[in-house]
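# Just a sequence and a predicted model for now, questions to come.
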Amino acid sequence: MSPKVSKEHQQQRRTKILEAAKQVFIENGYERTTMKHVMDASNVSRGGLYQYFANKEDLFEAILADSLSRVYDETRKKLNQKVDSYWELLLLRLFGESRVPNDKMDPLAPSTLEFFITGRNDSRRRKYGKERYHFGIKIYSDVIKEGQKNKEFSTKYDSEIVARMIVSFIDGLALDYAIISNEELMMREQSILFVEFLKMALEV
């Protein structure tokens, strides 16, 4: 009879697998990554891996969902507290702790793009893609809406429309980043200009 494994231990093992798998996907891309790659990187057996994830798609969705949920929870926590500047919070969500436009892209972005494009005709993946899209919109929309409510942002444009524009800009950069060089993309310069458009839209 095998010993019982605590929920805490199971969660730690799951987290370890996800962290290892993320690096594998970054290195190999979505299509070229196999469950064997993940087994080797996370140092777990086949049974140990499939105990948590049914297949590669299930595993990749878990990586995306965990990351998005963490960002959402962090944003809600900040919004539930006293926020000194909703503009600074919006920049935090856009560019990370530096809050400054840069040439950095989420290293998982090309694999994420590959995941959704190759699965564009798959009903499960399309459904998940739509859920992720609307979840992302909500994160930005919530910040903008609170900024409008507290009169830091103009109400000239609906918060959801501005949020959709942000998501489209980020997704567009991710698409270009996957196929051309960073230098040619001029991500920092585009991001600086995009911030100026946001300032005009929100009248910051």
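Sure thing, it's come through.
# Show me how this protein divides into domains.
Here the domain parsing of the chain from automatic domain parsing is 1-53, 66-202.
# For L173, grab phi and psi.
phi -60, psi -40 (degrees, to the nearest 10).
# Let me see the confidence value for it.
pLDDT recorded at L173 is 92.
# Let me see the contact set for it.
With contacts taken as C-beta atoms under 8 Å, 6 or more residues apart in numbering, L173 has the following neighbours: 105, 185, 187, 190-191. The way it works is simple: take the backbone N, C-alpha and C, and place the C-beta from them, glycine included.
# Count residues in the vicinity of I192, would you?
A count of nearby residues for I192, using other C-beta atoms under 10 Å, gives 13.
# For the protein, give the helix that spans the most residues.
helix 123-149 (DSSP state H).
# just to revisit the earlier point, quick one, which of the contacts of L173 are buried?
Buried by 16 or more other C-beta atoms under 10 Å: 105, 185, 187, 191, out of these.
# Which element, helix or strand, includes the last one?
This means S191. If you go by DSSP states H and E, S191 is part of helix 187-202.
# CA atoms only for that helix, dumped as CSV, please.
Below are the C-alpha coordinates for helix 187-202, written out as CSV (Å, rounded to 0.1, in the frame of the first residue of the first chain):
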residue,chain,number,x,y,z
MET,A,187,9.2,47.2,-29.7
ARG,A,188,10.4,49.9,-27.3
GLU,A,189,9.7,52.7,-29.8
GLN,A,190,6.3,51.3,-30.6
SER,A,191,5.5,50.9,-26.9
ILE,A,192,6.5,54.5,-26.2
LEU,A,193,4.2,55.7,-28.9
PHE,A,194,1.4,53.4,-27.6
VAL,A,195,1.7,54.9,-24.1
GLU,A,196,1.3,58.3,-25.6
PHE,A,197,-1.9,57.2,-27.3
LEU,A,198,-3.2,55.8,-24.0
LYS,A,199,-2.4,59.1,-22.3
MET,A,200,-4.5,61.0,-24.9
ALA,A,201,-7.4,58.5,-24.7
LEU,A,202,-7.4,58.6,-20.9
